[in-house]
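> Mind looking at a prediction? Sequence and model below.
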Amino acid sequence: MAATPQKPAAATPRRKVSRHRGEGQWAVGHHTPLNGNEQFKKDDDGLNVRTRIETIYSKRGFDSIDPNDLRGRMRWWGLYTQRKPGIDGGKTAVLEPEELDDSYFMLRVRIDGGALTTQQLRVIGEISQEYARGTADITDRQNVQYHWIRIEDVPAIWERLEGVGLSTITACGDTPRVMIGSPVAGIAEDEIIDATPALEEMKRRVLNNKAYSNLPRKFKTAISGSPLLDVVHEINDVAFVGVRHPEHGPGFDVWVGGGLSTNPKLGVRLGAWVPIDEVPDVYEGVISIFRDYGYRRLRNRARLKFLVADWGAEKFRQVLEDEYLGGRRLIDGPAPEQPVQQWRDHIGVHRQQDGRFYVGFAPRVGRVDGATLTKIADLAEAHGSGRVRTTVEQKMIVLDVEQDRVDSLVEGLEALDLTARPSTFRRGTMACTGIEFCKLAIVETKQRGSQLIDELERRLPDFAEPLTINLNGCPNACARIQVADIGLKGQLVLNDRGEQVEGYQVHLGGALGLEAGFGRKVRGLKVTSEELPDYIERVLKRFQAEREEGERFAAWAARASQEALS
């Protein structure tokens, strides 16, 4: 009997299998560049552009610059094209880079640990006056930024800076940026440990080293032995924070994976205590993990914070120990203690370890000029030993002042509108570069911040609580809006007449150091630049009326009603 024919099985639809490209991590074999930035870095190391600047571009002018150098590799030497004047904020995201580019540059001078001699400060001031139309802003990473720099003048500027031990190397780019440090390292009476030797060795190992000149994105470093937690350690890629181990004594607690911008994350502790002589090894290990395992496929996921978020602290520490420290096990250690005060900017007059004094003073939102910097150098030489510092709050400090010279120095600073006794608003207001020069900005910030200080001092002359007001010209958070008491993110808004004008989205109650956390967005609240003083006055008066005894603004803002914050 013949077998009954079997009905053929229905064909299973074949799924199209797409090969996962991975995240562009070198350590797992993904070396093929997956975007234009990775390609131009592979084509030529960014450090090499200096030779072309010196031998070609400075001689032939702006139009001779290769586009991959102009908008890429020149950042490895601290150079960004600045915004062409007259382009309003509404066009920032619409125009092509070449339409936004001016033929002038911002040039960033890196000042690791904020440490300067008066000779160096005077040269910075002189360069400002000769080549930068007087511009010289102090940044919230202790640097100084010039504007209006011509490519023809860059070699001469480098020669002047390097003649006094300063540099612009890797002040920008996908590199180890400036290493911020306590501005009173080795000086303050209450210091846990002086981090200066570690910072200097970290610089020696990584600067101008092509092993670390092609990172997935920028890499931010902080180190401080101050109990004030004065280097915003929570928002750096790696930070070393001074602590006292109950058995081993002073050393550093290690944090990784912090950063702000449009996807903010606070750093996490590895739970490891590191003695000062091992800090450079751990630093090299962390930066090498970023180089090898960092995500290079998408630029918006290329910061270390995304890798740390995916791995977690335990795995990160394990990889660090096993693959980059030769199997050495780090010692478990304590977390930093909470600082005893909210202000961490070293403003005012403070006694040093040696019995002399340091004097911290406040420019307006970090804006100074070359002539003022040379006058500060003169004052510091006349009253101190020739040492000054910049801070991460856009402030400055004169060191080594004898007690009988303090009052004279303070008076000299006041004459320059640089007060050592600032109001809360002068002390706590910070602003990024803004639309005046920045190609990413949407609104003005520096002038608005200065005007806001004056207006709030007039309206609330007796307000004395610590308060930070941070103005940012775009969403990228260079002025740390998410961790300010009042953070203001620039954007275009509609006024009561239906017109599109400059304004800000409001974040309230952010903090670092004391119960670190991100500010609360007030739902739907956007304030025009014109309305800003009225809004802040209203909120601060409500805070004064409703606060509990000793309550900080950030704590009040976290519990306040929507109506109280509107």
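Arrived safely, thanks for sending.

> Let me see the confidence value for Arg523.
Looking at Arg523, its pLDDT reads 75.

> what about the residue nearest to Pro533 when sequence neighbours are not counted, how many neighbours?
Leaving aside its chain neighbours, Pro533 sits nearest to Glu455 (4.2 Å; criterion: CB to CB, 6 or more residues apart in numbering). Placement of C-beta: from N, CA and C, glycine included. Neighbourhood size, Glu455 [other CB atoms under 10 Å]: 16.

> Buried residues in the helix or strand that contains Glu455, which are they?
If you go by DSSP states H and E, Glu455 is part of helix 446-459. Within helix 446-459, the residues scored as buried using 16 or more other CB atoms under 10 Å are Lys446, Arg448, Gly449, Ser450, Leu452, Ile453, Glu455, Leu456.

> Stretch 205-224 now?
Using 16+ other CB under 10 Å as the test for burial, stretch 205-224 gives 205-207, 212-224.

> and the two most separated of these?
For the buried residues of stretch 205-224, with distances taken as CB to CB, the pair at the greatest spread is Asn214 and Ser224 (28.1 Å).

> wait, isn't Asp237 in contact with Pro216?
No - counting by CB atoms under 8 Å, Asp237 does not reach Pro216; the two are 10.7 Å apart.

> could you pull out the helices for the stretch 401-550 of the chain?
Listed in chain order, the helices of the stretch 401-550 of the chain (DSSP state H, counting those that start in this stretch) span 406-415, 424-428, 446-459, 532-546.

> same check, this time on the stretch 51-200 of the chain
Going by DSSP H, counting those that start in this stretch, the stretch 51-200 of the chain shows helices at 58-60, 67-70, 97-100, 118-131, 154-162, 196-206.

> between Asp237 and Pro216, what contacts are shared?
Phe290, Arg303 (CB atoms under 8 Å, 6 or more residues apart in numbering).

> hey, which of the helices of the stretch 51-200 of the chain is tucked in deepest?
helix 118-131 (a mean of 21; mean count of other CB atoms under 10 Å).

> Wait, Ile287 touches Asn209, no?
No - using CB under 8 Å, Ile287 makes no contact with Asn209, being 10.2 Å away.

> correct me, but Ala557 touches Leu508?
Yes - with contact defined as CB under 8 Å, Ala557 counts as touching Leu508 (4.2 Å).

> can you list residues touching both of the two?
Asp485, Gly519, Arg520, Leu565.

> Now do the same contact list for the closest residue to Gln544 other than its chain neighbours.
For Gln544, ignoring the flanking residues on the chain, the nearest one in space by CB to CB, 6+ apart is Phe463 at 7.6 Å. Listed by CB under 8 Å, 6+ apart, the contact set of Phe463 reads Ser423, Thr424, Phe425, Leu456, Leu540, Gln544.

> Gly370: neighbour count?
23.

> Over to Glu234?
24.

> for Gly384, same thing?
22.

> Same check on Gly24?
21.

> Also Tyr324?
Using other CB under 10 Å: Tyr324 sits among 18 other residues.

> Next, find the distance separating the residue nearest to Gln544 from Glu563.
22 Å (CB to CB, to the nearest Å).

> what do you get for Pro336?
Distance from Pro336 to Glu563, by CB to CB: 37 Å.

> who has more neighbours, these two?
Counting neighbours by other CB under 10 Å for Pro336 and for Glu563 shows that Pro336 has the greater number, 19 against 7.

> can you give me phi and psi for the more buried one?
Phi and psi for Pro336, reported as degrees, to the nearest 10, are phi -60, psi 150.

> Who's the closest spatial neighbour of it, skipping the chain neighbours?
Val241 (4.8 Å).

> Reduced to three states, what does the one you found come out as?
strand (DSSP: H, G, I helix; E, B strand; the rest coil).

> hang on, Phe357 packs against Val349?
Yes - with contact defined as CB under 8 Å, Phe357 reaches Val349; the gap is 5.6 Å.

> Neighbour count for those two, which is higher?
Set side by side, Phe357 and Val349 show more neighbours around Phe357, with 21 against 17, by other CB under 10 Å.

> and that one, what are its bridge partners?
Per DSSP bridges, the residues bridged to Phe357 are Arg351, Val401.

> any idea how far it lies from Gly503?
Noted for Phe357: a distance of 43 Å to Gly503, by CB to CB.
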